[in-house]
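# Turn this into a structure:
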Amino acid sequence: MHGVPRMDPYAQVAELYELEYGRLEADVAFYARNGTGGPLLVGGCGTGRVARRLATDRKVTGVDRSAAMLAVARRLAPELRWVQADLRDFDEHGFSEVILPNAAFSFLATRADQQRCLERCHAALKEGGLLTIDVPMPAFHLWSIRDGPERLAWAGALPDGRPVRRTRQTRRFLAEQRLELTDRFYIDDRLVHTSALRLRVFLPSEAEWMLEASGFAVDEILGDYSGGRLQDGSPRILVRALRL
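Predicted coordinates for the structure are as follows:
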C-alpha cells in the first residue's frame, strides 16, 4: 500500500460487525439474481457475509485490508479464498465479476484512491466482465447539519445474552463531499470501543465519468436492491458497469 498505512477501525469489533451485519440478505439476493455465475471477487468483503452466501455454486474470492475482519471470514468459511489487501493495491486476475458491496467504495477518500481501485478492478476482470459498486444515496436533506448528534444505529445481544449496541455521530463536510463518522460500541451500557470512519460521498454522474475514464461502460444505475430505477429518495446507488 502506498503512503502511510491507515488504522483499522474494525480491529477490535470484527465480531460485533458480523453480529450486526451477518444476517442481512437484500443485497445478496440482488447479486445472486444479477450476477454472471462465473468467478467472483468481493472487494471490501469484511467478515465475508456477501462472499460466503454467493459461493454455493461458484468460485468466490474475498479481499479486505482488515486482518481482524478476515479472521472472522476464515473461521466462518475456511473453504473460501480470503486475501488481505487494500482495494487500491490488490493484485488479482481472471474474474468474470467484481462486487464492491456495502459502501466499500466510499472508504476511498480521494479521487486518486478511487482511480487506483477502479484500475485494480479493471485488471482483475476479464474482458466483458461485470463490476458492481454499491454505495448509499447521499442524504441531501441532512447536509445543512454540520455536526449531528450521537444516535442509536443498531442494538442486539451477544451469544451470552448481554445487550450490545452501536451509536453513530456524523460530521458533514459539503465542499469536500466527506463524512466523518464516529461509531461507539456499548456492551451492558459500557463503552467498549470507538471507531472513526472517513467516507467520501459521490453522485451518480460522478460514478459514470469515473468508470468511463477507467475503461468501463456503465450498463445501468439502480436505486435499490429490488432493481428499481434511481430517483430522488432512492436509498442506494447501484452502479453496474462492463469492462471494455
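
# Next up, the contacts around the residue nearest the centre of the chain.
Centroid-nearest residue in the chain, with CA atoms, centre = their mean: A104, separated by 2.5 Å. Shown in contact with A104 (CB atoms under 8 Å, 6 or more residues apart in numbering): 43-44, 87, 134. Bear in mind the C-beta positions are built from the backbone N, C-alpha and C, glycine included.

# And H193, by the same measure?
Here H193 is in contact with 12-13, 184-185 (CB under 8 Å, 6+ apart).

# Top of the residues you listed by number of neighbours, please.
In terms of neighbour count, V13 stands highest of the contacts of H193 at 22 neighbours, by other CB atoms under 10 Å.

# Can you tell me how far that one is from R198?
Applying CB to CB, to the nearest Å, one obtains 17 Å for the distance of V13 from R198.

# With V42 instead?
22 Å.

# Which one of the two is surrounded by more residues?
V42 (29 against 15).

# which residues pair with the more buried one across the strands?
G62, I99 (DSSP bridges).

# That one reaches R58, doesn't it?
No: assessed by CB atoms under 8 Å, V42 is found out of contact with R58, at 11.4 Å.

# how about the strands of this structure, start to end?
Applying DSSP state E to the chain gives strands spanning 40-43, 60-64, 81-84, 95-100, 125-136, 151-157, 163-173, 178-187, 190-200, 216-222, 236-243.

# Let me see the domain layout of this protein.
Domain assignment of the chain by automatic domain parsing yields the ranges 14-137+203-243, 140-199.

# most tightly surrounded among those domains?
The highest average neighbour count among the domains of the chain, using mean count of other CB atoms under 10 Å, belongs to domain 14-137+203-243 at a mean of 18.

# how far is it from where the chain is centred?
7 Å (CA atoms, centre = their mean, to the nearest Å).

# Quick check: end-to-end length of that domain?
33 Å (CA to CA, to the nearest Å).

# Same question for stretch 230-244.
Across stretch 230-244, first to last residue, CA to CA, it's 24 Å.

# wait, what's in contact with the nearest residue to G35 once chain neighbours are set aside?
Nearest residue to G35 in three dimensions, chain neighbours excluded: E97, at 5.8 Å (CB to CB, 6 or more residues apart in numbering). Contact analysis of E97 by CB under 8 Å, 6+ apart lists 35-36, 38-41, 125, 129-132.

# between those, which is nearest R165?
T132 (31.0 Å; CB to CB).

# can you tell me how far the closest one sits from I187?
Using CB to CB, we find T132 at a distance of 35 Å from I187.

# Also T36?
Here the distance between T36 and I187 works out to 41 Å (CB to CB).

# same question, A11
In terms of CB to CB, A11 sits 17 Å off from I187.

# repeat for L24
Distance check for L24 against I187: by CB to CB, it reads 21 Å.

# same deal with T56?
34 Å.

# residue ranges with poor pLDDT in the chain?
Along the chain, segments meeting pLDDT under 70 span 1-6.

# could you check the distance from the residue nearest to F30 when sequence neighbours are not counted over to L108?
The shortest distance from F30 to any non-neighbouring residue, by CB to CB, 6+ apart, is to Y225 (4.2 Å). With distances taken as CB to CB, Y225 is found 22 Å from L108.

# Let me see the contact set for I237.
133-137, 204, 207, 221, 223, 230.

# beta partners of it?
Beta-bridge partners, per DSSP bridges, of I237: V135.

# now the angle between strand 125-136 and the longest helix seen in the chain, please.
The helix that spans the most residues within the chain, counting by DSSP state H, is helix 111-124. Per axes from the mean of the first three to the mean of the last three CA atoms, to 10 degrees, the angle that helix 111-124 makes with strand 125-136 is 140 degrees.

# helices or strands next to helix 111-124 in the packing?
For helix 111-124, the elements it packs on are strand 40-43, strand 95-100, helix 204-213, judged by 3 or more CB pairs under 8 Å, 6 or more residues apart in numbering; DSSP states H and E.
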